[in-house]
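Asker: My questions are about this predicted structure, shown below with the sequence.
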Amino acid sequence: MANSPLVVPGSGEKSTANRTKLSNTAAASNGATPEASNTSNEGGHDLAEQMNEEEKQKYVKGKKLGEGTYANVYLGHLRSDPSKLVAIKKIKIQKEYTEGMAPDAVRELKHLQEISHPNIISLLSVFSSKDQNLNLVLEYLPLGDLEMLIKDVEGVRYGAADIKAWMGMLTRAIWFCHENFILHRDIKPNNLLIAADGEVKLADFGLARSFSDPYRIMTSNVITRWYRPPELLFGAKHYSGAVDIWSVGLVFAELVMRIPYIAGDTEVHQINLICQAVGTPNEENWPGVSKLPEYTVPEPPTPVRLRDHYLSLFGTAGPEGVDLLMKMLILDPRRRITAREALQHGWWAADPVPTKKQDLPRNSGGDAKIGEDLKRRPGVLDDERGAKVARKLDFTAVR
Amino acid sequence: MMRNGASKAIDNNPSDDICPVCKSNRYLNPSLQFLINPECYHKMCSTCVDRIFTSGPASCPVPYCGKTLRKKGFHKAFFGDLKVEREVDIRKRVGAVFNRRQDEFETLLDWNNYLEEVEGLIFDLVEGTKEEKLKAEERLKAYRESNMGDIEENRRAGLEQIEMEKQREKAEKEAVRQRRLAALREEEEEKLDVARSKRDVLERLANTDEDANKITQQAQKIILKKSSARRTLAESVESNGRARDSGLTIRGLKKKEAPIAEKPYDPFGGVDLTPSRYVLQEDYDNEWLSNAKSDTRHMAGGYSLQEYYARTLFEAFSGLGVFIEDEVAGRSLPAAPASIGTAAAAEASAAKVNIEYKMELDDVF
């Protein structure tokens, strides 16, 4: 626009005159263009920007609940009704992804906007604020998460009925994801947030993706290590909803024991612990496992653990509960129970009846915790639970 | 009806001194005691009752009565006036059946109507003619049969309330006792205080050479201040105690909610996602998939072709049965506030078709 054909190389004086003239015209034209667009749509915004502004105006951002490397979380409310609280997750611009949006945010957006279920955090809206920061407006879940309850051994007591109620909600959530062809890939207690009415809601879809086509490879570097199934530790590039079920099984075990059941320091350590706790995977109990890219198992092999072993550890869940847990922790992902089958299991009908959600034990974790939970980068343990973990997703391999 | 303090009328009324059956009187038999039977309320002395009814049920000895009475039914009359005695008995009987409480009624009018109806029934039973009595009896019976459960529940609630009342009374008594003790203690303290300050004043008068008048005035002031402070303290304690008491009564009155019949636990949470337009097969023969099927590296990681089949079929059918006109019509409703909370989510997830249309973010971005 600034390049004018009037510029002619010549004498100094002429060129200065020309330059001034040029800058004048440039200024004029600069002024003229926006004016022209002003008349066509107000405020200098195009339609998309207008709609974004409208969406943004619906919410009032309040105090900051938490700040992390990946996102900041704010308490907010509807402008039209201040009693309707929301959590606004503002994704930070990340160094690695200066061009466009962070993939975590894209994943979260893409999948959360598709599904609506009582046990899955609902995405109410999305808008971008200044500097093109992405803001996800999420349901406000004030009662902390399951990890808090599990860890607060002194303050919170719960029983088999409560565990069943929580597991029911979690299994329903993951069943709903799978029925809608979404793999969550980061199930762990601190991604299970608790709503004001006691309902557990699956959150953090930063690692979620849809089921893959048969020849499209997926990254095996997903799911927080302690909850990562053996097939991912062995580097499988094609997997199914069974990966989530393994995580669900470990959450179940953790709910009963109140400590993480298989908590490895490194991936190799994690494999070793799985071998000890569940059994060593081999061609016999898992045909084809030795063909997986990173298949290594410790010597000597441990035979697959039998029912008695689980009964001694998880007896409080009852025989039916132990049966379901064993089926969730089957090494071979093809034989592992699916979410739908898990919901058809006899445990739900067995005694005790699951606690009603309003009677579930709770802990006034409050605002700080939802901030803590939402700002976390997906797939990693927070603070002291996994300070040594360094993890970077290799997104070049996926999609 | 207050029942404390038995009526003394029996002793004073001269007509009450002669048994209408055997004509023996109090002069000859000082231990004369009259009994009645709620079947007919005819009075007779205990000797007559023993004489006539010990060998089993017999008819009433009063002329033209002829009701069959049993010895078990006889008891001492509580009221001198047997009419009153009878009415009270009837009230008791009806009250045990019509035992609804006010908080079961929607409005005060309903409650009053109910009370009036019950009162009418009682009047029929007490003062009515023979037919009216029979009719009222019939109604009472019918009501008892049709409201068995409610009656039992209210009876229990009534017992509970009595228990509560007792507890409250006990708590009140205890509070009174505490207050009295506190008052005594306070008095004692005050006396001690006065004595102490007197001693102080005397000491100061003895040891310093200040103006004697000033010192005594100051001491007086201190005593006054202390006692007033104590009074306010006592008052605040008392008010606390009262608040607690009233809390207790409110709890006693709280309405008991009827337990809702429990539905069996549904692990699926009432959501059914079975596809309605097609039936998913176990396996599909497709050349394109055969490579993956036979590759162990592919399958050992748990890759599930069933998931792929399900998704493909779902996607193939997912546009069907969606009517954009209906969607657009629904869109004009305010959507944002309704989509907060689980209720809306549950609603949305109830129907499969709704799932994909929760938000219109596609329009924004």
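Answerer: That came through, no problem.

Asker: Low-confidence bits of the stretch 101-250 of chain B, can you list those?
Answerer: For the stretch 101-250 of chain B, the stretches with pLDDT under 70 are B:210, B:226-227, B:229-250.

Asker: in the chain, which spans are helices?
Answerer: I went with chain A, as the question did not name one. Along chain A, the stretches classed as helices by DSSP state H are A:12-40, A:47-57, A:103-112, A:146-151, A:160-179, A:230-233, A:242-257, A:267-277, A:307-314, A:318-328, A:339-343, A:367-375.

Asker: wait, I meant chain B there
Answerer: Using DSSP H, helices in chain B cover B:9-12, B:46-53, B:82-97, B:108-127, B:130-146, B:148-207, B:212-253, B:287-294, B:296-300, B:305-317, B:324-331, B:342-350, B:361-364.

Asker: Okay, now the unreliable bits of the stretch 251-399 of chain A?
Answerer: In the stretch 251-399 of chain A (pLDDT under 70), the answer is A:364-372, A:375-399.

Asker: quick one, domains of chain B?
Answerer: Following automatic domain parsing, chain B resolves into domains at B:15-77, B:179-248, B:272-323+B:352-365.

Asker: circling back to that earlier point, how about the helices of chain A, which one is nearest B:Glu325?
Answerer: Nearest to B:Glu325, of all those, is helix A:47-57, at 22.7 Å by Cβ to Cβ. Any C-beta I mention is one placed from the backbone N, CA and C, and that applies to glycine too.

Asker: So for the closest one, mean pLDDT?
Answerer: For helix A:47-57, mean pLDDT rounds to 87.

Asker: Okay, buried residues for that helix please.
Answerer: A:51-52, A:55-56 (16 or more other Cβ atoms under 10 Å in any protein chain shown).

Asker: which strands and helices sit next to it?
Answerer: Using 3 or more Cβ pairs under 8 Å, 6 or more residues apart in numbering or on different chains; DSSP states H and E, the elements in contact with helix A:47-57 are strand A:123-129, helix B:361-364.

Asker: just how off-centre is it within its chain?
Answerer: Distance of helix A:47-57 from its chain centroid, counting by Cα atoms, centre = their mean, to the nearest Å, is 26 Å.

Asker: same question, stretch B:58-69
Answerer: Offset of stretch B:58-69 from its chain centre (Cα atoms, centre = their mean): 45 Å.

Asker: do stretch A:256-276 as well
Answerer: Using Cα atoms, centre = their mean, the offset of stretch A:256-276 from its chain centre is 21 Å.

Asker: likewise stretch A:160-179?
Answerer: How far stretch A:160-179 lies from its chain's middle: 17 Å, per Cα atoms, centre = their mean.

Asker: buried set for that stretch?
Answerer: Buried residues in stretch A:160-179, defined by neighbour count with 16+ other Cβ under 10 Å: A:160-179.

Asker: give the contact list for A:Gln94.
Answerer: A:70, A:102 (Cβ atoms under 8 Å, 6 or more residues apart in numbering or on different chains).

Asker: Please disregard the earlier target; I meant A:Asn119.
Answerer: Contacts of A:Asn119 by Cβ under 8 Å, 6+ apart are A:169-170, A:172-173, A:176, A:199-202, B:269.

Asker: just those residues now: which is nearest A:Asp323?
Answerer: Distance to A:Asp323, by Cβ to Cβ, is smallest for A:Leu170 among the contacts of A:Asn119, at 17.5 Å.

Asker: So which of the helices of chain B is nearest A:Arg340?
Answerer: Closest among the helices of chain B, using Cβ to Cβ: helix B:305-317, at 10.5 Å.

Asker: Now tell me what touches the closest one from outside.
Answerer: A:178, A:181, A:210-211, A:213-214, A:240-241, B:275, B:277-278, B:280-284, B:289, B:292-293.

Asker: distance of A:Ser240 from chain B?
Answerer: Counting by Cβ to the nearest Cβ, to the nearest Å, the gap from A:Ser240 to chain B is 4 Å.

Asker: thinking again about what came up before, would JSON lines of the helices of chain B with mean neighbour count be doable?
Answerer: Shown next, in JSON lines, are those (neighbours: other Cβ atoms under 10 Å in any protein chain shown):
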{"stretch": "helix B:9-12", "mean neighbour count": "12"}
{"stretch": "helix B:46-53", "mean neighbour count": "17"}
{"stretch": "helix B:82-97", "mean neighbour count": "15"}
{"stretch": "helix B:108-127", "mean neighbour count": "15"}
{"stretch": "helix B:130-146", "mean neighbour count": "13"}
{"stretch": "helix B:148-207", "mean neighbour count": "12"}
{"stretch": "helix B:212-253", "mean neighbour count": "12"}
{"stretch": "helix B:287-294", "mean neighbour count": "12"}
{"stretch": "helix B:296-300", "mean neighbour count": "19"}
{"stretch": "helix B:305-317", "mean neighbour count": "16"}
{"stretch": "helix B:324-331", "mean neighbour count": "10"}
{"stretch": "helix B:342-350", "mean neighbour count": "17"}
{"stretch": "helix B:361-364", "mean neighbour count": "13"}
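
Asker: what's the closest of these to A:Asp145?
Answerer: Closest approach to A:Asp145 among the helices of chain B (Cβ to Cβ): helix B:342-350, 16.8 Å.

Asker: residues contacting the residue lying farthest from the centre of chain B?
Answerer: Most distant residue from the mean C-alpha position of chain B: B:Asp209, 72.5 Å away (Cα atoms, centre = their mean). If a contact means Cβ under 8 Å, 6+ apart, then B:Asp209 has no contacts.

Asker: How about A:Leu273?
Answerer: Contact partners of A:Leu273, counting by Cβ under 8 Å, 6+ apart, are A:262-264.

Asker: The same query, at a cut-off of 6 Å, please.
Answerer: By Cβ atoms under 6 Å, 6 or more residues apart in numbering or on different chains, the contact set of A:Leu273 is A:262, A:264.

Asker: The one 10 residues further on too?
Answerer: If a contact means Cβ under 6 Å, 6+ apart, then A:Glu283 has A:Ser290 as its contacts.

Asker: can you check A:Leu331 too?
Answerer: For A:Leu331, the contact set (Cβ under 6 Å, 6+ apart) comprises A:230, A:281, A:285-286.

Asker: For it, give its distance to chain B.
Answerer: Distance from A:Leu331 to chain B, counting by Cβ to the nearest Cβ: 10 Å.
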